[in-house]
Structures are given as structure tokens and as C-alpha cells.
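Colleague: give me a 3D structure for the following:
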Amino acid sequence: MTAALAAAARQRSDQTRQRATDALQRLHATGQPITFAHVARTAGVSRSWLYRQPDLRAEIDRLRRTTTAQAVPVPSPERGSAESLRQRLEAALDEITRLKADNHQLREHLAQHLGHRRHNRIPDPVSDMSPT
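Modeller: Next up is the predicted model:
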């Protein structure tokens, strides 16, 4: 019985290692980022398990260095110009200003509503609910 358990554990370990190796090769072949998290997610293993495998850890580190060194910059036409980035920033700031005004208006409305309820001694249905 013990030999069968040991054999099953060995087989599971081999399959896990193979999944990690296959994932690493697939990510590298398709030019995807090589990170411990990405390899772990692709292989269906934990990052901590990857870190405990010296050979896989070394290979991930090696491929990370080579992939980073070979990274292709974004072509100029696909990069945002300073003007487009400025416009996006202005739009975001305008949206923030609008949302702050909406938030302020809603808070004022809520305060008035709660003040009215308090003044007229109208019970709060939410706080009056008791657990059953």
C-alpha cells in the first residue's frame, strides 16, 4: 500500500512539473510575459511551489531577463502623444469635478431628508428592524 501511495505521489509530482515546464515553454514561444504569477496561473500550480523548484526558478529568471532585454517598444503611431494625454487628463479632471459636485448635492439632499425625518419624528425603517 505504501509503495502505491509513493508511486501516485511521484506521478502527481511529475505531472505538476510537466505542466509547469509546458506552460513556461508556451509562454516563451508566444512572447508572453514570463513572471512567476503568469507561469503559475497558466500551469495551474502555486507560485510558492515554483519558487521551491530550483531548476524552474532559474529558468524563469533566465527567460525574464532575456524577454525584458528583447522587449519591443510600442511603435510611435500607437503611443499617446503629449496632446492626447493632456486631453485625457483634462477629461478625467472634469469628470472628477462633476462627480464631486454630484456627491455634494446628494449629501445635501440626504442631510435635508434626514433632518426632515428627525424634525417630524419619523422613525427610520432600517434602524427599527430587529433580527428575528
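
Colleague: got the contact list for the residue nearest in space to the middle of the chain?
Modeller: Centre of the chain computed as the mean C-alpha position; nearest residue by C-alpha atoms, centre = their mean is A37, 10.6 Å away. In this structure, A37 makes contact with R47, judged by C-beta atoms under 8 Å, 6 or more residues apart in numbering. To be clear about C-beta, it is placed using only N, CA and C from the backbone, and glycine gets the same treatment.

Colleague: and the helix or strand encompassing I96, how far out from the chain middle?
Modeller: Secondary structure assigned from DSSP states H and E places I96 in helix 82-119. Centroid separation for helix 82-119 versus its chain: 28 Å, with C-alpha atoms, centre = their mean, to the nearest Å.

Colleague: and that helix, average pLDDT?
Modeller: Per-residue pLDDT values over helix 82-119 give a mean of 92.

Colleague: same question, stretch 26-40
Modeller: Mean per-residue pLDDT for stretch 26-40: 90.

Colleague: equivalent analysis for stretch 47-55, please.
Modeller: Here the mean pLDDT over stretch 47-55 is 92, rounded to a whole number.

Colleague: now do the same end-to-end measure for that stretch.
Modeller: Taking C-alpha to C-alpha, to the nearest Å, the first and last residues of stretch 47-55 lie 14 Å apart.

Colleague: buried ones in that stretch?
Modeller: Within stretch 47-55, the residues scored as buried using 16 or more other C-beta atoms under 10 Å are L50, Q53.

Colleague: check the offset of it from the chain's centre.
Modeller: Taking C-alpha atoms, centre = their mean, the mean C-alpha location of stretch 47-55 is offset from the chain mean by 21 Å.

Colleague: quick one, domains of this protein?
Modeller: Partitioning the chain according to automatic domain parsing yields domains covering residues 2-69, 82-119.

Colleague: out of these, nearest to P125?
Modeller: Using C-beta to C-beta as the criterion, the shortest distance between P125 and those is 10.2 Å, found for domain 82-119.

Colleague: give me the helices and strands touching the helix holding I96, please.
Modeller: Taking 3 or more C-beta pairs under 8 Å, 6 or more residues apart in numbering; DSSP states H and E as the contact definition, helix 82-119 has no neighbouring helices or strands.

Colleague: nice, that's everything, thank you.
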